Every structure is written in structure tokens, then in C-alpha cells.
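> Build me a structure from this.
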Amino acid sequence: MGVKRYKPTTAGRRISSVSTFEEVTKTKPEKSLTISGKNFAGRTKGKITVRHRGGGAKKKIRVIDFKRTKFNVPAKVAAIEYDPNRGARLALLYYIDGEKRYIIAPLGLNVGETIISSAEKAEIKTGNHLQLQFIPIGMSIFNIELQPGKGGQIVRGAGTFAQLMAVEGAYATVKLPSGEVRQVLKTCMATIGQASNPDQRLIRWGKAGRTRHRGIRPTVRGKAMNPVDHPHGGGEGRNPIGLKRPKTPTGKPALGVKTRKKKGSDKFIIKRRKQGRFIGGAK
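Residues are numbered from 1 along each chain as shown. Prediction:
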């Protein structure tokens, strides 16, 4: 894992960098574990829910086992693969009963190693999937469940990991990458280690074309638009936004405004994530 830079033969190449893919051992995906997926371009039921999405290179979806429900069945790591849908690498597992599955590869997992998923006590080893109550305090973990049996939902991005702080009563205390400290049922499962490819965040895309290949379209400033298109738009020449605080295209407050609504899971949050400065408005 690493980042490589080429000779600056063009202006875009000068500031761009690419992943080395040195850990990838298999180039073509496992056919039985891939499906064709439609690109919805940031739309849900036809309405845009994520702006600036569309186009991009065509890619197949890898079916990933986030639950790892094959308990106490050893699996051998057959290959480490690239996944175009995420930053982390995938590990192709061959179980002793002949079944094949993809998982998010932990950092340091090598081809030929054997890992296991267990609802009971098992060896504390990178890549093993265990209940939080059986993992030693202070260990790095990722792919963490929030509800037992639902599969890993959080801490799945490239290079991310959480830290198990304590196990008391029915709950385990986990410190997330954002700085948030929260309680999770100790019967929830997690993978030991850190998600692979931590250098993903160091890649510089260099030019607009590479970003378009990822399915990300250009972003236009609100103040460069007309008033009918954005609350910041309008005016003669260059003008400030003319509002007390910035707003989204739909007129809701933006930048430094809390967006999380009251949820039942609030009671499990011991410490909130690190809050940034308020920009463009009063605290």
C-alpha cells in the first residue's frame, strides 16, 4: 500500500498521484460474487438526494459479507482485490466447505492466512470476527455492528478503525474515528484490526477528468447562480451572499448548523464527535 507519483508530463499529471496497488494479488473479480448495478446518479425515487452525482466509469458491484455468519468455519485468504466501489481492499475467502465470500480486508492480512468468525471465544488475530465481549480492551476494531445479527454498519472506510474502551454490563464502550464515544451491545460483532488501504486519503486526483470517472460532477457556487436557482444568487457583479448565514439550495441553514435530529440512539452516545467552528453565523 502506498502512493505513487509520475513524472510531470502534463499539468494534470504534475499534481496528481495514484495508488500503487502493490497489495492487490488478483485483478479480475470473482464472477460468482459480482452483480450488475444501475447508477442512480444520486437519486432516490427520482428525486436528487445527493447533488453532483452522475456518469462515471461502469463498474460491477462486489457482494460483500458484512455479517460473516459462517461461525467456527476456518477460511483461507485466497486473494486481495481492488474494489471500485470503495477505498478499502477486499479479501477473497475460501472456506473449507468450498464456499467463497468477500470481506473488507484488514490492514496486514496476507494471502494464505487463515481467519475465522465466531460467536464464542476465539484467537485474537487480525481479521477474526468476534463479539465485542470477547475482544480485549484497547484493541483496534472495524466493521462494527450496531444491532446483533444485522452486519457491520460503521467503521468500514479505508484505513479507519475504532478502539474498544470498556465492557460493562450489557454494553461495550467504543471510541469511533470521529472522536465520538458511544455504547454498543456487547453481543454485537466486529472485526479485529484496521481497514486496509489507509493511504487512500493521500491520493490527489489532479484533474477534473479523474473525478468525473468516479461519478462526481462539477460543483457550482451558489452566489454564481441566479436568484431562482439558489438563495445566494443574483446581484450585479460580485456580491456577498447577503444573508445572515449561508443556506442550502433548498433554503435550509448550512455550515456549522447541527443536522442530526433527535433519535432513540442518542442515549447511547457518551461523548459527541468533535465539532468544528461555526462559519457565517452566530453560535
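
> From here on, just use CA atoms for contacts and neighbour counts.
Noted.

> Using PDB, write out every CA atom in the helix or strand harbouring V184.
For V184, the element it lies in under DSSP states H and E is strand 181-185. Only the C-alpha atoms of strand 181-185 are listed here, as PDB (Å, rounded to 0.1, in the frame of the first residue of the first chain):
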ATOM      1  CA  VAL A 181     -17.700   7.700  22.200                       C
ATOM      2  CA  ARG A 182     -20.800   5.500  22.300                       C
ATOM      3  CA  GLN A 183     -22.200   2.300  23.800                       C
ATOM      4  CA  VAL A 184     -22.900  -0.700  21.700                       C
ATOM      5  CA  LEU A 185     -24.400  -4.000  22.900                       C
END
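
> centre of the chain versus it, how much separation?
Here the centre of strand 181-185 is set off from its chain's centre by 19 Å, with C-alpha atoms, centre = their mean, to the nearest Å.

> Paired strands for that strand, with orientation please.
strand 171-175 (antiparallel), strand 269-271 (antiparallel) (DSSP bridges).

> Pick the most deeply packed of the ones you listed.
strand 171-175 (a mean of 22; mean count of other C-alpha atoms under 10 Å).

> Please pull up the helix or strand immediately following the strand holding V184.
strand 189-192.

> For that next one, give me every contacting residue.
Here strand 189-192 makes contact (C-alpha atoms under 8 Å, 6 or more residues apart in numbering) with 106, 124-132, 139-145, 148, 151-152.

> for D266, helix, strand, or coil?
Of the three states, D266 takes helix under DSSP: H, G, I helix; E, B strand; the rest coil.

> Kindly report the same for G209.
helix.

> can you pull out the strands in the stretch 1-150 of the chain?
For the stretch 1-150 of the chain, applying DSSP state E, counting those that start in this stretch gives strands covering 3-4, 18-19, 34-35, 43-44, 47-48, 61-62, 75-81, 90-95, 100-104, 114-115, 129-131, 140-142.

> Just give me the neighbour total for K121.
K121 has 12 neighbouring residues, counting by other C-alpha atoms under 10 Å.

> Need the nearest residue in space to it, chain neighbours excluded.
Excluding the flanking residues, the one nearest K121 by C-alpha to C-alpha, 6 or more residues apart in numbering is F134, at 5.8 Å.

> Also H213?
G56 is the one closest to H213 (C-alpha to C-alpha, 6+ apart), at 4.2 Å.

> which residues touch that neighbour?
Applying C-alpha under 8 Å, 6+ apart, the residues near G56 are R212, H213, R214, G215, I216.

> Tell me how far the nearest residue to the last one once chain neighbours are set aside lies from K207.
If I follow you right, that is I216. With sequence-adjacent residues excluded and distances taken as C-alpha to C-alpha, 6+ apart, I216 is closest to R53, at 4.9 Å. Here R53 is placed at a distance of 17 Å from K207 (C-alpha to C-alpha, to the nearest Å).

> helix or strand for the residue of the chain most remote from its centre, which one?
The centre of the chain is farthest from one residue, E236, which by C-alpha atoms, centre = their mean lies 42.1 Å away. Following DSSP H and E, one finds E236 outside all helices and strands.

> That one and H230: what is the separation?
For E236 relative to H230 (C-alpha to C-alpha), the value is 15 Å.

> just V155 next, same as before
35 Å.

> out of the two, which sits in the busier spot?
V155 (21 against 18).

> so the more buried one makes contact with K175?
No: using C-alpha atoms under 8 Å, V155 makes no contact with K175, being 10.6 Å away.

> Overlap of the contact sets of the two?
In contact with both V155 and K175: A162, using C-alpha under 8 Å, 6+ apart.

> Present the strands of the stretch 1-150 of the chain as JSON lines; the columns should include distance to A162.
Shown next, in JSON lines, are the strands of the stretch 1-150 of the chain (distance: least, C-alpha to C-alpha, whole Å):
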{"stretch": "strand 3-4", "distance to A162": "24"}
{"stretch": "strand 18-19", "distance to A162": "24"}
{"stretch": "strand 34-35", "distance to A162": "29"}
{"stretch": "strand 43-44", "distance to A162": "31"}
{"stretch": "strand 47-48", "distance to A162": "32"}
{"stretch": "strand 61-62", "distance to A162": "24"}
{"stretch": "strand 75-81", "distance to A162": "22"}
{"stretch": "strand 90-95", "distance to A162": "19"}
{"stretch": "strand 100-104", "distance to A162": "15"}
{"stretch": "strand 114-115", "distance to A162": "20"}
{"stretch": "strand 129-131", "distance to A162": "14"}
{"stretch": "strand 140-142", "distance to A162": "5"}
